[in-house]
Structure formats: structure tokens, C-alpha cells
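Enquirer: attaching a predicted model along with its sequence, questions to come.
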Amino acid sequence: MILNNPATFLSINPSSFGKLSSTSFRMTTAAINAMKSLSVSTNLMHFPAKTSSKLALPQTQQISRQSLHKNVLNFHLSTPRNNRISTYSVPNPPRAVASQSYDALTEPNKKIFHGKCFVVDDNIDTDQIIPAEYLTLVPSKPDEYEKLGSYAMIGLNAKYGRFIEDDQIKTQYPIVIAGANFGCGSSREHAPVALGAAGVKAVVAEYYARIFFRNSVATGEIYPLESECRVCDECKTGDIVTVEIEGNKLINHTTGKEYVLKPIGDAGPVIDAGGIFEYARRTGMIAAPSS
Amino acid sequence: MASPATARAPSISHLLKYKNGIHYDATGLTPLNSKATAAWKTQKRTTKFVAAVMAPPQPQQRSPASTGSVKHAMTMTEKILARAAEKSQVNPGENVWVKVDNLMTHDVCGPGTIGIFKKEFGSQAKVWDREKIVIIPDHYIFTSDERANRNVDIIRDFALEQNIKYFYDITDRSDFRANPDYKGVCHIALAQEGHCRPGEVLFGTDSHTCNAGAFGQFASGIGNTDAGFIMGTGKLLIKVPATLRFVMDGEMPHFLLAKDLILQIIGEITVSGGTYRAMEFSGSTVKSLTMEDRMTLCNMVVEAGGKNGVVAADQTTFDYLEGKTSSSFEALYSDEAARYLQEYRFDVSKLEPLVAKPHSPDNRALARECRHIKIDRVYIGSCTGGKTEDFMAAAKILISAGQKVKVPTFLVPATQKVWMDLYTLPVPGGNGKTCAQIFEEAGCDTPASPNCGACLGGPRDTYARMNVPQVCVSTTNRNFPGRMGHKEGQIYLASPYTAAASALTGFVTDPRDFL
């Protein structure tokens, strides 16, 4: 879905602590406390409010991550636990994040997502992403939106592992890596919505089925990115990855490999805005709701 | 998809591209089958892999002449979209704003669409045109699931509030016949109620909206957000698709049905071979098909990833529409010199009955080569295979055999009209018996209330849902894991002939055994 005169647009709102921690690394209590103080300081920064928030806050998420890294590293040095070096799965700070520790402040449009990836392969259809029996849930109702998220990927074969743990409603995998024709099958918008509601920020697939791609952009729920090669063959579920939207790259920190992604193009600003309606309003294409 | 060479349409291999040991489709972009992809994986090539989402080769842009722009030939889909966009010319790959003639939604996606409409346009907003929205409850109707029942209430409240002209309501779930407005499966209801018209633009919140392309219109599936947008504005921004052309010639063998044709095509181009493409069906065989046959053909275009399917409107179309619609329409046709992305030709007389094996609609195999597959049940229904002619075909096999079915055989008519036909129309060659009588004598289940049924599983108490892992031959459209309920269920997609034949033997069976 491509609109005329795309404008680079940043949509920001305070992200919840819960959301951030579920997509980050395992942390010591000290690190968690450090992050809590960061969230407080984040909230003190004045960002324009947004009525609907589908895009998790990239700017503050980056800021939080930068500071988090520094703080956690500091805690390492000052309070070593059992002489082990790492409290999270990556022994060294992710290269991309560290190198942009100040860039995040000056270049907030970079949109970088970091965390564990969940890997599937070809032709993952909408019945696997959200089985039909859950379609009675109406995505525009907030409580049912959350419930949809809790069922994301529940139709997958057991060989892929659990996308969401039994006692959780959000996933620990903010990035999904897939093969060919991701999202094929039904036109149900519940599919990208369930992924977004579960906490997925971006999918990196070889290519997509068209209705799924279109729905992802229209809802602004996830960034549907395409890779130049079969990244799904070289990554494993649980690998720590970084996805850079503007930088058009995927970095797998666990394997050390980097991959080029196709530019998101005109779809980017639409997803940044939070979907087609938000984008249309901000660019003056339609008026705000009348009541 | 490891099909023996005999399963392929003979005339096609010269259209395929072969690079680095892999067969690609004719665009050279998509690996042709999963076997090729697997081979490619094991060869560990660093690849020059090209994903299938590139702009199609553009027709050459001519600069406008001094008196205005010079037009070039367009396909039917391009013409329809050009007219809807109020432009004299569109090209594949171009993004255009089209005026929508009809928007359809149902009980599963309607509430979400309505929610978005109200949120974005205001709780007091009015829809763009109360006569151009058709609301058809059909998915989760005959269930005790409270949320499902609530969803029908939501769409009813909205229909009343907005004074929606076409709302096919159901209030008494215990007896569908007590609801005079209720129709059943949305795509068949749209056709039967005269909402499908040549040259028009139809969007629906269901992937099988492409079914209506049988009428020579542009019809495609969309999500709630796009539908909410149309509800308020009556327009949508879409990309003009390049067209793949499928020319089918030759006399249709008596044992073959439209389902076999589309399974042949999907097996040929794979589940992503039609992504972002219009799929145009033409040729002498297509001209000989009935409207219901053409619907079956266009219905499964989405299973190949297609954006829309089209069959040119002709006398068959106009005869069908007689008495169904009072709206005027103007059919559009592909120019002689129109440019197609790729053309596939089939000699239909050489084709054989097919199935799509688990777990993909492109996992094509000859029915006769699957006769060792033991099955547990047969399902005849859905927008794809639950129309009157589909049941007539199944009944024909049963008459021919004169036996009882060996496995539970579930029959779910698509609409009230279809259900009525089962009980009133005599089956040719059946000595005056109706479908219902023939089904009863053969030991099939009683035809159920018309709705989408178990095609997509649905709530747990849905009639004929597969709740334990079983093997099912079905006239439906998808067989991905979990499609009809249980994740380990095995679904063989087939024509009504093949489904009925399989019911009689308890194994996947070529209908020629009974014809």
C-alpha cells in the first residue's frame, strides 16, 4: 500500500515497562531497578500523545536500551555475581546499538528493534498464525485485542516451539524470521493484529502474501520486511538479532552475521504513523474523527 | 510437490525458466515447487535469490502526443480499474484510487470493520452509501459460542443504525428456514442475489471475494482496516496488478470439473505464483463453463496468491443475471493487443482428476495415484464446492454406483437456495429423485444448515469440524495444517466427483471408477 507524498513521520509515545522487559534480555534485579528509573525519566520527557499506539516507542526504547546497557555493564563491574560475566545472553553489547548510543537522540527516526528472534519457514498461513476458532475476537475491542495476541502462532506445528509461554500473553520474540509467502491464506486482519498485539515489532521474510502485507501496513501493527536471501535458513529461534528499518539490515549477534533487507519504502511512514488512518490524518488526507 | 511428469500440463515447460538447477516460474522470480526449493537449500548456494515481490515488467510508457496521451491496449482488469479510477489508462504497478461499487462483510470481520469505521470516522458517522454495503452473516452461525452470536448482534445493530439496504439477517438459529432474509455463504449469496455485475469493483473482508470475478468484475479480498476506510469514503488505494493469462481449450472430459482445472493451475504456479497478479481465464473450455463452474475457478485464485480472477462476461453471464439484478452494468473486455505478464495454455482434454494433498493447495497429485490413501470422512460444502451443481455432481456419482458410502459424508449447502435445490430439483439420470433423496439412500449425513461450516474449522461445536486427527477428502479451498480444526488433520482437496467417489470406497478415488 503506497500513498502519495509520503512524509517521514515519527510517532512516539511512552512504552510500558512490561513491554520493554519482555522483549529484552534476562536481567539482574539491579538491572531491572535501573530500568525502572529509566522508565520514570522517560515519562518525564514530553512527547505528543497519540490516540492509538501500535508502534512501540522506538526512540525511548533505544534510549532505554542504551542507558540500560551502560547501567547493566556498570553493575557487572561493581557487583559481580558468582564471577559470571553476562547476565543476559549477549556477552558484548550489540554492535549496532552501542555505536548509536548518542545517535539515537539525534536521529530518532532510525527505528531499531532488538531481541530474540523466532524462526519459521515457508508458507506459514493465516490459520497457523491465528486459527479460525479465535476469530470471534474482535480486534477493535481493546480487551479482545490483547486476547488475540495471546493466541498468536498457536496454530504452528510443535516443531517450531512455543511462541508464547503458557502463563504469558505476550511473546518474548519481538522479531519473527520467515521463509517464502508468509501470511498466505485468509484475508483476516486478525493475523498481523495478533502478532502485533503479542509484541512482535517486525517480521523478516523472504516475501509475503499480498493481503497479509497490505493488512500489516494498513494497521501499522508490524513492519513486514523482506530479506535478500533466505535468512530463515541461517537463524535459529532464540538468536539475538537487531533489525534496523532505516539501515535496511538484520544483524544476528549470536552468529555474527549481517543481512541486507529490502527497503520498506513508502509503507514505512504509514506504519510509523500507526496505520493508514493515522497517516492519512497527519498528512491531511482525511479529517480527524467528528466525535 | 513431487508430481510425476504425466501430471503436468504438457504444453507448459517451455514457458518455465531454469536457473542454477532450479525451476522458476515464468517470471523467473519464484522457485516453482517446494522440491526445487529444498534442492536449492541443500546445495548451499549463496545465492542470487530473487524474491517474488518485484514490479512486473512495465509496458513501455509512451510520451503523450501533442493532442493528448496515447493509449495502449489494456487487459480486462486494467480497464475495470481505469474506469473505477476515472482514468483513461492505467498500467500494472500503478497505485490508483478506485471508486468501490460494493463492499461486502460478514460476521467474523464485520464487527472489527465497524469498530474501525466508528473509531476513525466518528461514532455518529454515516457510511458512504447505504445501498453499496452488503452484510452477510455466514461464518459462525449455528454455534452456541457466545462471542460468535454476539458478533451477529453487532452487525445487526449497525445495519439498523445505518439503514443498510442489504443485510441478510438470522435471528432464529434453531431453524435457518425460519429466517426469510438469511442467505448463507457470502460469496454465493452475492452471486445469487444479483450483487455481482460485470465491469464493477467489489471488495470483501474475505479472501474468497475473488469468487465474483466469474462475472467479469474486479473482486478482491481485504482486511478490516481497508474495509473500514471504504465504509467511510467509498474509495480504496490499490496497485494495478499485472495479469497472468490461462487459456484452456479442448473438450472438457466428462469426469472433470472446474475444481480439477483450478487445482491443475495452482499446482502449476504454486501458492505464491499468482501473488499480486490478476488471473484471467479464457479459451473455449472456459466459455463452455456454467456460472457456478466459473465461480469455482475464480474462487481459488487466492490459493495461488492471486489478487483477483476474471472470466469475460458473455451470454452465459447475462442469462444468469436475468431477473437477479435491476442495476445496469457495462461489461469490459481485454483488448486484443493487451499485454500479459505470462500466458499458460492447457489442453483440457488431456487432464485427469486431481487432488491437493496435505498440507498445501499446490501439493497436486493425480487422484488415481492416491488410491491407497485410506480416508475417514468426506466433506462437501463451502463457497468452493457447496453450490447446487457441486451437489448434483456428487449425486451423479452416487446414482452411478448404487452403493452406500463407506465413511461419514457431510453435506453443507452454501445457501438457503442451494438447500432448497437439493430437496426439489431432480438429478439428471436419477429417475426423478432429488439430491437429498439420493444422498439419504447412499447413507450420507442429512444436508446441514447453510453456512461456511467446517471449511475453516470454526468454534469447537461447528458441525463436521475435525476435532481429532483424521483424513478427509473435501470440496473446500484450503488444506493448511489445522484448517478444518485439528492441527494434525489431513485434508485432500478435490472436486465433488472425486469426493463422492472417495466416500464410496473409503479411499481417495478417481471418479472414473464410477463414471
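Expert: Perfect, I can see it now.
Enquirer: how much space between residue B:320 and chain A?
Expert: Using Cβ to the nearest Cβ, to the nearest Å, we find residue B:320 at a distance of 26 Å from chain A. No exception for glycine: its C-beta is placed from N, CA and C like everyone else's.
Enquirer: for that residue, which non-adjacent residue is spatially closest?
Expert: With sequence-adjacent residues excluded and distances taken as Cβ to Cβ, 6 or more residues apart in numbering or on different chains, residue B:320 is closest to residue B:291, at 4.4 Å.
Enquirer: phi, psi of the one you found?
Expert: The phi/psi pair for residue B:291 (degrees, to the nearest 10) reads phi -60, psi -40.
Enquirer: now do the one 10 residues further on
Expert: When quoted as degrees, to the nearest 10, the phi and psi of residue B:301 stand at phi -60, psi -40.
Enquirer: contacts only, for it.
Expert: Neighbouring residues of residue B:301 by Cβ atoms under 8 Å, 6 or more residues apart in numbering or on different chains: B:210, B:213, B:262, B:274, B:279, B:307-309.
Enquirer: do you know how far it is from chain A?
Expert: Using Cβ to the nearest Cβ, residue B:301 is found at 12 Å from chain A.
Enquirer: now swap in residue B:247 and tell me
Expert: Distance from residue B:247 to chain A, by Cβ to the nearest Cβ: 24 Å.
Enquirer: pretty sure that residue contacts residue B:340?
Expert: No. Using Cβ atoms under 8 Å, residue B:247 is not in contact with residue B:340, being 9.9 Å away.
Enquirer: ok, back up a step: looking at the contacts of residue B:301, which are in helices?
Expert: Among the contacts of residue B:301, the members found in helices (DSSP state H) are residue B:262.
Enquirer: burial count for the closest residue to chain A within the stretch 1-150 of chain B?
Expert: At 2.5 Å from chain A, residue B:115 is the closest residue in the stretch 1-150 of chain B, using Cβ to the nearest Cβ. Using other Cβ atoms under 10 Å in any protein chain shown, residue B:115 has 20 neighbouring residues.
Enquirer: so what's it up against?
Expert: A:138-141, B:224, B:228.
Enquirer: looking at those residues, which two lie furthest apart in space?
Expert: Longest distance between any two of the contacts of residue B:115 is 14.1 Å, between A:141 and B:228; criterion Cβ to Cβ.
Enquirer: what comes up buried for stretch B:282-294?
Expert: Going by neighbour count (16 or more other Cβ atoms under 10 Å in any protein chain shown), the buried part of stretch B:282-294 is B:282-283, B:285-287, B:289, B:291-294.
Enquirer: ok, residues contacting it?
Expert: B:191, B:214-215, B:245-252, B:257-258, B:261, B:281, B:297, B:311-312, B:314, B:316-317, B:320, B:334, B:345-346, B:348, B:387-390.
Enquirer: try stretch A:129-148
Expert: By Cβ under 8 Å, 6+ apart, stretch A:129-148 touches A:151-155, A:169, A:183, A:186, A:188-191, A:193-195, A:197, B:108, B:111-112, B:114-116, B:119, B:139-140, B:145, B:147-148, B:151, B:154, B:224, B:456-460, B:482-483, B:485.
Enquirer: buried only: go through these for me.
Expert: For the contacts of stretch A:129-148, buried by 16+ other Cβ under 10 Å: A:151-155, A:169, A:183, A:186, A:188-191, A:193-195, A:197, B:108, B:111-112, B:114-116, B:119, B:139-140, B:145, B:147-148, B:151, B:154, B:224, B:456-459, B:482-483, B:485.
Enquirer: continuing past the strand or helix carrying residue B:492, what's the next helix or strand?
Expert: Assigned by DSSP states H and E, residue B:492 belongs to strand B:490-494. Counting by DSSP H and E, the next helix or strand C-terminal to strand B:490-494 is helix B:496-505.
Enquirer: mean confidence for that next one?
Expert: Averaged across helix B:496-505, pLDDT comes to 98.
Enquirer: what is the neighbour count of the residue nearest to residue A:161 when sequence neighbours are not counted?
Expert: Nearest residue to residue A:161, sequence neighbours excluded (Cβ to Cβ, 6+ apart): residue A:237, at 5.6 Å. For residue A:237, the neighbour count with other Cβ under 10 Å is 16.
Enquirer: correct me if wrong: residue A:237 contacts residue A:162.
Expert: No. With contact defined as Cβ under 8 Å, residue A:237 does not count as touching residue A:162 (9.7 Å).
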